[in-house]
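K.L.:
compute the structure for the input listed below.
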Amino acid sequence: MQRVASFELDHKEQDNSAICQDEVKVDNIKGVAFMVICKLASCMMLMMCKMLYLYNPDLNGFDFSLFNAITSSGLAALQIRSFGISIFDVRKDCRSLMALRLIIGSLGIPCFFMSLKYIPGSKASLIANIHPMLVSVLAYFVLKENLSKIKVTAVIGAFIGTI
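P.N.:
Here you go, the predicted structure:
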């Protein structure tokens with residue numbers, strides 16, 4: 001009798017494991033789909049910015065950054081409100097780091113848009129997307145994270161591929 005009960009329990013665990021694996025697969029597909037949409041939208045934005053520079057050379061990166069910030073702020077406010085979250089609920093010990101992140105991000109975005117004025121969009125996008133390599137190197141020095149030999153090799157290979 002115990003043997004039958006044990007078999008049924010093992011069978012149920014296998015069924016639950018299969019369901020969890022299916023959910024992970026669906027989540028992975030959704031994640032990839034969202035990233036593809038993100039990158040397609042990013043490419044369209046890049047092309048539109050380059051076209052605007054061609055039509056109006058007097059534009060600068062801060063013009064694009066302003067409209068980008070207004071649109072992003074509006075969409076973020078709607079999303080935050082739909083979840084019932086207050087933007088003032090940031091822990092006090094995180095506020096200075098959040099402010100620093102805001103300042104650094106506010107400097108980086110206009111520089112990216114300004115680069116489109118002077119170099120081809122493909123080159124600007126390539127340079128802008130080397131941040132995973134930079135994050136790995138900075139995490140080693142700033143956060144004292146370990147870098148495996150495989151990661152170091154991958155960072156060097158990716159950097160050489162970028163050049």
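
K.L.:
the domain parsing of this protein - what is it?
P.N.:
2-129, 130-163 (automatic domain parsing).

K.L.:
tell me the buried residues in stretch 35-46?
P.N.:
Neighbour-count burial for stretch 35-46 flags residue 46 (criterion: 16 or more other CB atoms under 10 Å). Where you see a C-beta, it was placed from the backbone N, CA and C, and this is true even at glycine.

K.L.:
now find how far off-centre it is within its chain.
P.N.:
Its chain's C-alpha centre lies 12 Å from the corresponding centre of stretch 35-46 when counted by CA atoms, centre = their mean, to the nearest Å.

K.L.:
for stretch 120-127, same thing?
P.N.:
Distance, stretch centre to chain centre, for stretch 120-127: 17 Å (CA atoms, centre = their mean).

K.L.:
do stretch 128-137 as well
P.N.:
Using CA atoms, centre = their mean, the offset of stretch 128-137 from its chain centre is 12 Å.

K.L.:
dump it to CSV, restricted to CA.
P.N.:
Presented in CSV, the C-alpha positions along stretch 128-137 are these (Å, rounded to 0.1, in the frame of the first residue of the first chain):
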residue,chain,number,x,y,z
ALA,A,128,25.9,52.5,-27.0
ASN,A,129,25.3,48.8,-26.5
ILE,A,130,28.7,47.9,-25.2
HIS,A,131,27.4,48.6,-21.7
PRO,A,132,27.2,44.9,-20.7
MET,A,133,31.0,44.7,-21.1
LEU,A,134,31.5,48.0,-19.2
VAL,A,135,29.2,46.8,-16.4
SER,A,136,31.2,43.6,-16.0
VAL,A,137,34.5,45.5,-15.7
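
K.L.:
what residues does that stretch touch?
P.N.:
Stretch 128-137 has contacts (CB atoms under 8 Å, 6 or more residues apart in numbering) with 112, 115, 147, 151, 155, 158-159, 162.

K.L.:
what's the answer for stretch 147-161, then?
P.N.:
Applying CB under 8 Å, 6+ apart, the contact partners of stretch 147-161 are 130, 132-133, 136-137, 139-140.

K.L.:
restricting to C-alpha, output that stretch in CSV.
P.N.:
Taking C-alpha atoms only, stretch 147-161 is exported to CSV below (Å, rounded to 0.1, in the frame of the first residue of the first chain):
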residue,chain,number,x,y,z
LEU,A,147,35.0,37.7,-12.9
SER,A,148,35.6,34.1,-14.1
LYS,A,149,38.1,33.4,-16.9
ILE,A,150,35.2,32.7,-19.2
LYS,A,151,33.6,36.2,-18.5
VAL,A,152,37.0,37.9,-19.0
THR,A,153,37.5,36.1,-22.3
ALA,A,154,33.9,37.0,-23.4
VAL,A,155,34.4,40.6,-22.5
ILE,A,156,37.7,40.8,-24.4
GLY,A,157,36.1,39.0,-27.4
ALA,A,158,33.1,41.2,-27.4
PHE,A,159,35.2,44.4,-27.2
ILE,A,160,37.4,43.2,-30.1
GLY,A,161,34.2,42.4,-32.1
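
K.L.:
that's all I had, so thanks and see you.
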